[in-house]
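**Q** heads up, no residue letters with this:
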């Protein structure tokens, strides 16, 4: 239980906070959540707190009752991760299966004790409490990342990746661009891809697109027209100007800069991103250079002009958000890969999320599960909520006011003939997706090029026929401003007198969207703690709803009443707050339509105080078999064994691989599966507007049966038809040499009703009977 209502006493200092994804909340591999939408069984939030002495793990299930899972005091911890159970196969088994779940920790004093501080990763078993592996490094470790394939250790300007099953070294990268902080070496790890900041741009590996490329001119124009402001801070993407260590006069021309950089011999270039596929990349050093082949390199592109500060993949791993050290604008890229090489891949710059003109360092990026919302938190303790679409385009009432993700085009857009309007607009304006007249991104500014370009864009991106999205033209870029900016208060104790883990009711603190009246002045945490204030955010189902309606079982329709999941923000004061987000049409809009822009109301609904006090007892492994982390690890490992067709340990009797597949099939794909498969086409596809056979190129003719059995190919235009006397003429044998062409009636006659096979009536009676063909979908 969260401690609450206790007299004010000293609390331990929190150094970092993180929301963790582990087996406990793995919806895809934990069988407990497989019926997620029918039973209302939501995964818990898993929270790691790093203290100046030790660390702590919390779980907040859907009931809202916080549960402490782990607590230890063993000196400062720089980074910690709960490692997910690895993916296994018949060829690759998990060497640490009976020890899982494992906790990876980077402490100031490692297991060896002699090495410099923060230079080794220790892996502890939460089942037995012992240390199962220690990986030593010569330089300090900055961060740990993991997925079900690899464990990634982030060092200064280097990355080392280890296999999840054996913890042997898989590959390493030594060409990372140094970042001033808070992330000394920012990386993003998806379920399979790893993105990092490369220190130079290699042309032969460069992907199409990125933040500067063929789309640059109209991109600049879009930024000018949308932001309506050009300050020195606004990062306009032009040519990548190499960062120079030497000093140049402020009025130096571009030629002088280039000449200067040539003297320096390949200086480091900031803002370049490389994405590698952790499965196909070769073992050993990963080197992006003119001489290296592009095995395992998915994309390589410029993302910013300044050094990259923070990166994150969305849950599907297809979108990448990057931020630079200025923190004015965040870029959202869609990665479209090519199986041959990274130079054939395309990187679509879908959004520029414009935070503001002041400088801020980003520390945390989080996506909603449906990828329609992204929250970026800065070191000032503010979380900025942006609306986006996974396929790009302007967020509006149609895309963000329904509980489900909508298609790129509405039914109206598909059928309204917008093609011609689009074409006219573009030819007048002089360029694809350029809001400034005269700025054209086409090869030449002629109206013809504009038209062709517009036509391609229309066909590619609006006709529900994407063509080849890797080819030009790239989609237009959208500038998005935050709908809400949520600042964490310094303390929860001063807000309300009510005790207990929940503080309900709107307005329990004065945190409001920036468009509303200003909140009561509060001490800015960024001033009080040396200017840095760590927070982390995550989206999840509402816990406060449950606490209010604890007697009710959460039904499907009740969970649908929320268009957006709640946003949970934990601050370095140990207070976790649930904010309910309510998007609504812009109140100043004259009339509300599908394309009306959005505004958002935010309201804190519940809070938990999770920071521990010095009197708090430690909670250390070995843990009981019914500990939530152990139960989750068991469930996921069992599922992994079944998927790989192997015998889960402890299951009765020897099962051959083949039988285990059968048992898996019989267990999980019973009657419901067949029922579901029969529904697939109906549920997931809308019927076509017109059936294929209703088109003008199809004709129906009657073939009358006769005594002779002759095969006539269906493509033959010479088909038998009735004579005037209504007596069936025998079918011709086309193999005979004496073919009398005069006796054939080659010109088409009126088609007879289609005779259906299996009808008992003789052929002669069928003439008057009309066959009804149901043409409705």
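**A** That came in fine, so what should we check first? Bear in mind that the values here come from a model prediction, so they are computed numbers and not experimental data.
**Q** residue contacts, residue 570?
**A** The neighbours of residue 570, taking CB atoms under 8 Å, 6 or more residues apart in numbering as the test, are 17, 19, 47, 49, 535-537, 576-577, 610. All C-beta spots, glycine's among them, are computed from the backbone N, C-alpha and C.
**Q** Please identify the helix or strand for it.
**A** Per DSSP states H and E, residue 570 falls inside strand 566-571.
**Q** After that strand, which helix or strand is next?
**A** For strand 566-571, the succeeding helix or strand toward the C-terminus, using DSSP H and E, is strand 575-585.
**Q** May I see the buried residues of that next one?
**A** Across strand 575-585, burial judged by 16 or more other CB atoms under 10 Å covers 575-581, 583-585.
**Q** go on, stretch 471-490?
**A** Here stretch 471-490 shows 472-480, 482-490 as buried, counting by 16+ other CB under 10 Å.
**Q** mean confidence for it?
**A** Throughout stretch 471-490, pLDDT has a mean value of 85.
**Q** same question, stretch 295-307
**A** 93.
**Q** and whichever helix in the chain runs longest, what does it pack onto?
**A** Once the chain is assigned using DSSP state H, the helix that runs over the most residues is helix 628-644. Applying 3 or more CB pairs under 8 Å, 6 or more residues apart in numbering; DSSP states H and E, one finds that helix 628-644 makes contact with strand 67-72, helix 657-668.
**Q** can you do 10 Å?
**A** Using 3 or more CB pairs under 10 Å, 6 or more residues apart in numbering; DSSP states H and E, the elements in contact with helix 628-644 are strand 45-51, strand 55-60, strand 67-72, strand 77-83, helix 657-668.
**Q** List the contacts of the closest residue to residue 629 other than its chain neighbours.
**A** Excluding the flanking residues, the one nearest residue 629 by CB to CB, 6 or more residues apart in numbering is residue 101, at 5.1 Å. Going by CB atoms under 10 Å, 6 or more residues apart in numbering, residue 101 touches 22-24, 82-85, 124-127, 621, 623, 627, 629-630, 632-634, 636-637.
**Q** let's go with 7 Å and repeat that
**A** 23, 82-83, 126, 629-630, 633 (CB atoms under 7 Å, 6 or more residues apart in numbering).
**Q** From the residues you listed, pick the one nearest residue 323.
**A** residue 82 (26.1 Å; CB to CB).
**Q** Now do the closest residue to that closest one other than its chain neighbours, the pLDDT please.
**A** Leaving aside its sequence neighbours, residue 82 sits nearest to residue 22 (CB to CB, 6+ apart; 4.1 Å). Looking at residue 22, its pLDDT stands at 93.
**Q** any low-confidence regions in the stretch 301-450 of the chain?
**A** Within the stretch 301-450 of the chain, the segments meeting pLDDT under 70 span 417-450.
**Q** What are the boundaries of the helices in it?
**A** When assigned using DSSP state H, counting those that start in this stretch, the helices of the stretch 301-450 of the chain occupy the ranges 397-400, 411-415, 418-429, 447-461.
**Q** about what we covered before: as TSV, the contacts of residue 101 with neighbour count would be great.
**A** Formatted as TSV, the contacts of residue 101 follow (neighbours: other CB atoms under 10 Å):
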residue	neighbour count
23	26
82	24
83	23
126	23
629	23
630	21
633	26
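**Q** and the residues you listed as TSV, adding distance to residue 132?
**A** Formatted as TSV, the contacts of residue 101 follow (distance: CB to CB, whole Å):
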residue	distance to residue 132
23	17
82	14
83	11
126	11
629	15
630	15
633	14
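**Q** So of these, which two are at opposite extremes in space?
**A** Farthest pair in the contacts of residue 101, by CB to CB: 83 and 630, 13.6 Å.
**Q** So what's the residue count around residue 74?
**A** Using other CB atoms under 10 Å, residue 74 has 15 other residues around it.
**Q** excluding its backbone neighbours, what's nearest it?
**A** Per CB to CB, 6+ apart, closest to residue 74 is residue 54, 5.5 Å.
**Q** how about low-confidence regions in the stretch 51-200 of the chain?
**A** Using pLDDT under 70, the stretch 51-200 of the chain drops low at 110-114.
**Q** All the strands of it, in order from the start?
**A** Here the stretch 51-200 of the chain has its strands, by DSSP state E, counting those that start in this stretch, at 55-60, 67-72, 77-83, 102-107, 120-125, 131-136, 141-146, 150-155, 158-163, 169-173, 187-189, 193-198.
**Q** mind checking which of these is nearest residue 605?
**A** Closest approach to residue 605 among the strands of the stretch 51-200 of the chain (CB to CB): strand 55-60, 13.5 Å.
**Q** What strands flank the closest one, and is each parallel or antiparallel?
**A** With DSSP bridges as the test, strand 55-60 is paired with strand 45-51 (antiparallel), strand 67-72 (antiparallel).
**Q** Of all these, which one comes closest to residue 344?
**A** Nearest of the strands paired with strand 55-60 to residue 344, taken as CB to CB: strand 45-51 at 39.0 Å.
**Q** how big is the angle separating the closest one from strand 102-107?
**A** Between strand 45-51 and strand 102-107, the angle comes out at 30 degrees (axes from the mean of the first three to the mean of the last three CA atoms, to 10 degrees).
**Q** Strand 45-51: which residues count as buried?
**A** Buried residues in strand 45-51, defined by neighbour count with 16+ other CB under 10 Å: 45-51.
**Q** Stretch 281-299 now?
**A** Residues 281, 286, 288, 294, 296-299 are the ones in stretch 281-299 that count as buried (16+ other CB under 10 Å).
**Q** contacts for that stretch?
**A** Residues contacting stretch 281-299 (CB under 7 Å, 6+ apart): 170-175, 193, 198, 202, 204-205, 207, 274-277, 280, 300, 335, 337, 341-342, 345, 347.
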